[in-house]
Each structure stands twice: as C-alpha cells, then as structure tokens.
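In: pasting the structure only:
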C-alpha cells in the first residue's frame, strides 16, 4: 500500500461559522493507494476527537499502526488496490493542521486562547478546500465514526453532491446533554489545573510530564467510550496484586487502566486542542442553521448508511434511529440504510471490534 503524508498550506482565508477567519491555515493529511487518472476512485475517511490523519500503516519506529489499520489497506475492507483513500487532520487539532498552538500570523506566538471557536462544519469546509486543491470535486464515499460521523453527516447536508455515499458510525444528529456532561467534566478538569495557567502552559513541559487535568478529563471521557459489559469482562473486581486492599491508595485493575490511559494521553494530546474540539462537538447540531432538522435533511441527495452500536453509552442508538426516522418522514427513506451493531465494546466498538462493521461497509462500497 502506497502511503503519502503531507501538509497543505492555504493563504486564502477560511471563513468560519462564528464570523472569524483563519488566514493562513494548514491541513495535514495522509493518503493511501493511487489516485486514478479520472480522479473518481476517492474515499474520504474522517477521524474522531483524538484521532489524526494517520489512519493506517506504520510510521518508522511505531509500535502501533494508524487508528483504522484493520479497515484500510490492500485487499482490506476499504481496499487501497481499488480506492484512493484520504484522511485529513481537522483544524483545531494538534497533529499538523492549524490549531490553538499554531503560530498566529504574522506573529510567531501561538494563538492559544485567541484561536477562534470552530465547528464541525468549519472542519468539513477546510477539508473541501484541501480536496478541491488536489483536483478532487467528487468522491465515492465519506466514512466516519463518532466525531467523524458528524463530519460525514455535514458533508451530506452541506455538500449534497460531493459524495455518492456516506457511512455514519456511532454518531448523532446533535450532541445531547449526556455527552455534553461528560465533556464538561473533562473541560473543567483541564481549566482548573493550575499548570494550565489560563492556556499559557509550557507546551514542552506538557509533552514531557503531561497535565493532570487533561489526564483526569480523559478518564471521564474514556468511561463513556466503554460499556458496563466490556468493563466487567476486562476487569471484573480484580485488584492490583502488589497494592494492598487496605491501603488507601491501592487500586482495582479498572482504576490502574484509567490511570495508565489518562496520564499517557495527557503527554501526547494538547490541552487546548481538547478544549476546542470538545466545544465543536458540544455545539454540533445538524439542524442549527435551518428551520428544523427536517429542513436540514431535505438537502440530502445521496445515500447515507447509519451504523449504531447497541451498547454505545455516548451516542445512543436512538439518536441514529432518529436520523433514519426523519429521513423517512420527509420522503427520503430510499436514501437511508440503518443497522445496529450488536457489540459489548461500547462506543469504541468501531475501533476495536471492526470485524462486525466490515460486512456493512463492504456492502455499501460494493
């Protein structure tokens, strides 16, 4: 599989929903496979909150491949012998695209809290600029899970003729109070950490030592990505063997797991990016700029496939079913397909138990 990683620099302004602009801005992206001469074999993959453009394959020295390596590659579900796959890092992130720690032109200092609030629509608008700059004006499919699914839905509504098919996984039509509440805990933990210092933290120190607030916030978020059954199966009530049961700070295995993931995460993800992206997720509402959700969905002209997860504790299956029901209500039932995946892995099932999703995605692409 041919892998290309690049960053595209744009000098033209990106006009944001807030009325602010980004000028200039960068988009980092990765491609897999070969673009054919007609440029009509493209599939766009959209990443989730803490993902990046590195969706498949290995970088030199990597212990783990890209986040959807089991799905993308030669003769895999998203077959790179047939398709040219592109995954772009969203604006606001910390993996190469312009975000809060990027230099604020014409100054060398970082934006930090001067960075504008961005939305899911802004992320998609930036990706459209990238794709158009590559001479790509129509794609076969757009696929995304969680926040990536929000992007795929935005593409369907705001650019109805850009993709022939959209696959939306474990996502929603509008972020609900339950998910916003989890994000609130994470955001407060970051903001109230003294070392956050009003956004003026030492970025190199964070990379070396992490940020306690971000680690705690990640623990909160991680709970919502799992499910009761997956936690029971993975940890039960097992205790860390060398930590005494009657020691105040002795831990159950699930506690050690959250510590490990939270504190490691805080060393490689930027705290301000976490704040800005969770804000974009919180304010996501596919009907916000329309009279109603029905009015919004009336723009959809291409096929959308909805894959919810039975045990999802972040974006409940009923939220995906609501999209299906609205499409039927407005007379577009022929454009929507829905399936609920029976998995005990919770929200993260589309990253963990991908074999259950492959038949559906293969069927759509076929």
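Out: Yes, it's here. No experiment lies behind these values; they were computed from the predicted model shown.

In: grab the most central residue of this protein for me.
Out: For the chain, the residue nearest the mean C-alpha position is residue 48 (1.1 Å; CA atoms, centre = their mean).

In: now do the nearest residue to that residue once chain neighbours are set aside, the pLDDT please.
Out: Distances taken as CB to CB, 6 or more residues apart in numbering place residue 146 nearest to residue 48, at 4.0 Å, with adjacent residues excluded. C-beta: built from backbone N, CA, C; applies to glycine. If you check residue 146, the pLDDT there is 98.

In: what is the end-to-end distance of stretch 156-168?
Out: Start and end residues of stretch 156-168 are separated by 10 Å (CA to CA, to the nearest Å).

In: let me fix that, I meant to ask about stretch 25-41.
Out: Using CA to CA, the end-to-end distance of stretch 25-41 comes to 27 Å.

In: distance of residue 228 from residue 262?
Out: 20 Å (CB to CB, to the nearest Å).

In: who's more crowded, the two?
Out: residue 262 (21 against 11; other CB atoms under 10 Å).

In: now for the residue nearest to residue 48: which residues touch it?
Out: 48-49, 169-171, 314-315, 347, 350 (CB atoms under 8 Å, 6 or more residues apart in numbering).

In: which residues touch residue 198?
Out: residue 113.

In: surely it forms part of a helix?
Out: Yes: according to DSSP: H, G, I helix; E, B strand; the rest coil, residue 198 belongs to a helix.

In: for this protein, which segments count as strands?
Out: 3-10, 14-15, 21-22, 25-32, 42-46, 72-73, 78-79, 84-88, 139-145, 163-169, 303-309, 336-341 (DSSP state E).

In: tell me the contacts of the residue lying closest to residue 320 once chain neighbours are set aside?
Out: By the measure of CB to CB, 6+ apart, the closest residue to residue 320 outside its immediate chain neighbours is residue 308, 3.8 Å from it. Applying CB under 8 Å, 6+ apart, we find residue 308 in contact with 170, 315-317, 319-321, 338-341.

In: bridged to residue 336, which residues?
Out: residue 304 (DSSP bridges).

In: confidence score at it?
Out: 98.

In: count the neighbours of it for me.
Out: 20.

In: just send the strands of the chain back as CSV, with distance to residue 55 too.
Out: Converted to CSV, the strands of the chain look like this (distance: least, CB to CB, whole Å):
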stretch, distance to residue 55
strand 3-10, 10
strand 14-15, 23
strand 21-22, 24
strand 25-32, 6
strand 42-46, 5
strand 72-73, 6
strand 78-79, 9
strand 84-88, 4
strand 139-145, 10
strand 163-169, 14
strand 303-309, 17
strand 336-341, 20
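
In: select, out of those, the one closest to residue 268.
Out: Minimum separation from residue 268 across the strands of the chain (CB to CB) falls at strand 25-32, 15.5 Å.

In: what lines up beside the closest one in the sheet?
Out: Strands adjacent to strand 25-32 in the sheet, as given by DSSP bridges, are strand 3-10 (antiparallel), strand 84-88 (antiparallel).

In: give me the residues contacting the last one.
Out: Under the contact criterion CB under 8 Å, 6+ apart, strand 84-88 has outside partners 27-36, 41-47, 53-56, 72, 78, 97, 126-127, 130-131, 134, 136.

In: quickly note the distance from the residue nearest to the centre of the chain to residue 199.
Out: For residue 48, the distance to residue 199 - CB to CB - is 24 Å.

In: and for residue 135?
Out: On the measure of CB to CB, residue 135 and residue 199 end up 38 Å apart.

In: and these two? which has more neighbours close in?
Out: residue 199 (18 against 8).

In: let me see the contact set for the nearest residue to residue 171 once chain neighbours are set aside.
Out: Nearest non-adjacent residue to residue 171, counting by CB to CB, 6+ apart: residue 149, 2.7 Å away. Contact analysis of residue 149 by CB under 8 Å, 6+ apart lists 46, 168-172.

In: same question, residue 18
Out: Residue 18 neighbours (CB under 8 Å, 6+ apart): 116-119.

In: try residue 243
Out: 249-251.

In: drop anything exposed from the residues you listed.
Out: Among the contacts of residue 243, not one counts as buried by 16 or more other CB atoms under 10 Å.

In: possible to save those as TSV with distance to residue 277?
Out: Listed next are these as TSV, based on distance: CB to CB, whole Å:
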residue	distance to residue 277
249	32
250	35
251	30
